[in-house]
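Chemist: curious how this folds, go ahead:
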Amino acid sequence: MQHLFKRITFLLTFSHFLVLLVAQDEPISTIHPIESTKNHYERLQKLSTLPNEAFSTMDTLAFPPSMYNSYTLAMSQSTPYYLTNNQFDFLKKSVAFPANSSDQTKAELDFLYDLQQKRAPKQVERVMQLAKIGYWPVADILPSHPFYKENLAHLFFECQEIVGDHCTATNYPHTAKLLKGIMTDMRKMEFSVKYHLLRARPYELDKRLKPLQVMGSPSFASGHTLWAYIQAYTFSELMPDKRADFLAIAYELGLSREIMAVHYPSDEKTARQLAHRMLALMWQTEKFQNDFQKAQAEWK
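Modeler: Residues are numbered from 1 along each chain as shown. This is a model prediction of the structure:
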């Protein structure tokens, strides 16, 4: 009951927060509402997230300090681009993961084990390809950086998958500027949440799981899924007729992390919701709107 009360309180607080943001003389448009939770995420979220005393020792497990990554820790303290530090703090404290000992976590671990049993070579090849995708702001400072060109290509990965190879930073410079700002905030949010909650990776709780990659940061929430959805939501505002396609590639990216056994389904579900909340707040800022309108002109 206490957990349910916290969730209701957050929803009311977040709704009130958005109302305050738009309480101006002129009405402000909003982004497309988030789609309802579907597939295995819908089934798993119905299970209890509360601690189970029979397995209470599991609740003492957290991501080990010996695995902390100094670069990702520094990202959690980076300077935001569109959002404020207060907004980051608000969103960071608005999310929580199911207790390690909970019925939901147990079911999620069983689900991941089942995915592991069904891994096929072509599937593994695809998920490992997706694992390498990701834009990092630090690699975009100097053109001489060895990852500079590939990093910019990753920035337009979803667009290239859905629209075509002509989606590049060179061809769409204003869209690139918009995405860079979004991803700067996304990386700060990702690691702010991760190091705030320190959720152990699935393979640290369940030794049956054999991850395809050992990760150097806490599990919750999924960074791949966070950037996948915040970009999908952004591109679908630029190209509304392709929203379903962008959400489909974002879903694939999220599921790939489960196939790899490096994330729980609840990591993906929360990242999707967090991405939508972040973009909803960005949307209300003048800085974002100026950048978005210039990017939008490139797609008309």
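
Chemist: those helices in the stretch 101-250 of the chain, which residues are they?
Modeler: Secondary structure of the stretch 101-250 of the chain (DSSP state H, counting those that start in this stretch): helices at 103-117, 121-131, 148-155, 157-162, 173-197, 202-205, 223-238, 243-259.

Chemist: just these: most buried one?
Modeler: helix 223-238 (a mean of 25; mean count of other CB atoms under 10 Å). Placement of C-beta: from N, CA and C, glycine included.

Chemist: counting contacts, what elements does that one pack onto?
Modeler: Contact analysis of helix 223-238 by 3 or more CB pairs under 8 Å, 6 or more residues apart in numbering; DSSP states H and E lists helix 157-162, helix 173-197, helix 243-259, helix 265-283, helix 286-297 as its packing neighbours.

Chemist: now the angle between helix 265-283 and the second one, please.
Modeler: Spelled out, it's helix 173-197. For helix 173-197 against helix 265-283, the angle by axes from the mean of the first three to the mean of the last three CA atoms, to 10 degrees is 130 degrees.

Chemist: and the closest residue to residue 56 other than its chain neighbours, how many neighbours?
Modeler: Closest residue to residue 56 apart from its sequence neighbours, by CB to CB, 6 or more residues apart in numbering: residue 101 at 5.8 Å. Each residue near residue 101 was counted by other CB atoms under 10 Å, and the total is 20.

Chemist: what's residue 101 in contact with, if anything?
Modeler: Residue 101 makes contacts with 51-59, as judged by CB atoms under 8 Å, 6 or more residues apart in numbering.

Chemist: if we can go back for a sec, out of the helices and strands packed on helix 223-238, which is closest to residue 222?
Modeler: helix 265-283 (4.2 Å; CB to CB).

Chemist: determine the set of other helices and strands touching the closest one.
Modeler: Judged by 3+ CB pairs under 8 Å, 6+ apart, the packing partners of helix 265-283 are helix 2-22, helix 39-44, helix 85-92, helix 103-117, helix 173-197, helix 223-238, helix 243-259, helix 286-297.

Chemist: buried stuff in the next helix or strand after the shortest one?
Modeler: By that I understand helix 39-44. Downstream of helix 39-44, the next assigned helix or strand under DSSP states H and E is helix 70-75. Of the residues in helix 70-75, 72, 75 count as buried by neighbour count, 16 or more other CB atoms under 10 Å.

Chemist: could you list the residues in contact with helix 70-75?
Modeler: With contacts defined as CB under 8 Å, 6+ apart, helix 70-75 is touched by 138, 187-188, 190-191, 194-195, 216-217.

Chemist: any idea which residue sits dead centre in this structure?
Modeler: residue 226 (1.2 Å; CA atoms, centre = their mean).

Chemist: from what I can see that residue touches residue 186, true?
Modeler: Yes. Residue 226 lies in contact with residue 186 (CB atoms under 8 Å); the separation is 5.8 Å.

Chemist: indicate which one of the helices and strands packed on helix 223-238 is closest to residue 29.
Modeler: Evaluated over the helices and strands packed on helix 223-238, closeness to residue 29 peaks at helix 265-283, with 7.7 Å, by CB to CB.

Chemist: okay, angle between the closest one and helix 85-92 too, please.
Modeler: 150 degrees.

Chemist: got the contact list for residue 134?
Modeler: Counted by CB under 8 Å, 6+ apart, residue 134 has contacts 154, 223-224, 227.

Chemist: Throw the residues you listed into TSV and include distance to residue 97 and pLDDT, thanks.
Modeler: Formatted as TSV, the contacts of residue 134 follow (distance: CB to CB, whole Å; pLDDT from 0 to 100):
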residue	distance to residue 97	pLDDT
154	27	97
223	14	97
224	16	98
227	19	98
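
Chemist: now those residues in JSON lines, with distance to residue 128?
Modeler: Converted to JSON lines, the contacts of residue 134 look like this (distance: CB to CB, whole Å):
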{"residue": "154", "distance to residue 128": "15"}
{"residue": "223", "distance to residue 128": "16"}
{"residue": "224", "distance to residue 128": "12"}
{"residue": "227", "distance to residue 128": "17"}
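
Chemist: what is the nearest of those residues to residue 93?
Modeler: Taking CB to CB as the measure, residue 223 is the one of the contacts of residue 134 closest to residue 93, at 18.4 Å.

Chemist: alright, I will stop here.
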